[in-house]
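Student: Give me coordinates for this.
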Amino acid sequence: MLKYIVTGLFIILFHTSHAQVNWSIHAGGDVTYMEYVFGYLDFPNFTGGALYQTGSTVHSTFSREGMVGWEAGLMINRSGYFSIPPILDEDGGQIGWDYQNKVKIRDWYIQLPVSLTFNMFEGTGFLLGARINRRLTNLDTYNEYFRKWIPAAHLGIFTHLSPRIRIDLTGFLDLPARYDLQLEPDQKLREVGGSVNIRYTIK
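Tutor: Down below sits the predicted model:
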């Protein structure tokens, strides 16, 4: 359902903009974590990993010389984290976590972000929006608890280094759980992290 909402927002933004629409390319990276954001569960245990992304964005303001704008993009992401196996005693009881034998999990995603931007201080401002992530790899190797479509929210700040170059610092959080054991609501893993992106406006 959310992917249709995001697509609808793309269309609405294009039709409500009364200023020039610009096109940018950008690249960046971040660190992500799989966390029990609203609770805690002993197992499974994950640590964070690196994320790399590149893509393109169209953006504009709702009126000429306006402070409030919009942007919509298409990103290719490579993200991952580590699954930490438990250390068991001879009776099968857990006595710790085996960080020496952690298992790397990495995936390719397509991401569609949509944001509202607020240019507050002559090229510096903040952005607020939503994104939909579609996992492209390991579709048959994960169990049924890993989502393939992952909606998320993001909040960030940006500043222009020049009229064409902008740097963004953005934090994000999965909305539904990415890894859902179908237990209590506070026992579900979400990806949370932050990213730095450099954007160059071509047109």
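Student: Excluding sequence neighbours, find me the nearest residue to the most centrally placed residue in the chain.
Tutor: By Cα atoms, centre = their mean, the chain has its centre lying nearest to residue 172, at 5.3 Å. In space, not counting the residues next to it along the chain, residue 172 is nearest to residue 154; the distance is 4.1 Å by Cβ to Cβ, 6 or more residues apart in numbering. Yep, even glycine has a C-beta here, placed from its N, CA and C like the rest.
Student: could you point out which element follows the host helix or strand of that neighbour?
Tutor: Assigning secondary structure by DSSP states H and E places residue 154 in strand 149-160. Next helix or strand after strand 149-160 toward the C-terminus (DSSP H and E): strand 165-174.
Student: So for the strand holding residue 154, mean pLDDT?
Tutor: For strand 149-160, mean pLDDT rounds to 94.
Student: Kindly report the same for stretch 124-133.
Tutor: Mean pLDDT, stretch 124-133: 94.
Student: Residue 70 contacts residue 22, doesn't it?
Tutor: No: using Cβ atoms under 8 Å, residue 70 is not in contact with residue 22, being 11.2 Å away.
Student: re the thing from before, for the residue nearest to the centre of the chain, give me its contacts.
Tutor: 131, 152, 153, 154, 155, 191, 192, 193, 194, 195 (Cβ atoms under 8 Å, 6 or more residues apart in numbering).
Student: if we can go back for a sec, so if I had to pick from residue 70 and residue 22, which one is more boxed in?
Tutor: residue 70 (23 against 16; other Cβ atoms under 10 Å).
Student: A helix includes residue 100, no?
Tutor: Yes: assessed by DSSP: H, G, I helix; E, B strand; the rest coil, residue 100 belongs to a helix.
Student: Model confidence for it, exactly?
Tutor: With respect to pLDDT, residue 100 has a value of 88.
Student: Report how many residues lie close to it.
Tutor: The burial count for residue 100: 8, using other Cβ under 10 Å.
Student: beta partners for residue 35?
Tutor: Note on residue 35: beta-bridge partners residue 190, judged by DSSP bridges.
Student: correct me, but it touches residue 193?
Tutor: No: here residue 35 lies out of contact with residue 193, judged by Cβ under 8 Å, at a distance of 9.4 Å.
Student: Neighbour count for these two, which is higher?
Tutor: residue 193 (22 against 19).
Student: Would you check how far apart the closest residue to residue 83 other than its chain neighbours and residue 56 are?
Tutor: Leaving out its chain neighbours, the residue that sits closest to residue 83 by Cβ to Cβ, 6+ apart is residue 103, at 4.4 Å. Applying Cβ to Cβ, to the nearest Å, the value for residue 103 to residue 56 is 33 Å.
Student: okay, the two: which has more neighbours?
Tutor: Set residue 103 next to residue 56 and count neighbours by other Cβ under 10 Å: residue 56 wins out with 14 against 11.
Student: Just to check, that one is in contact with residue 25?
Tutor: Yes: the pair residue 56 / residue 25 is scored as a contact, 5.2 Å apart, by Cβ under 8 Å.
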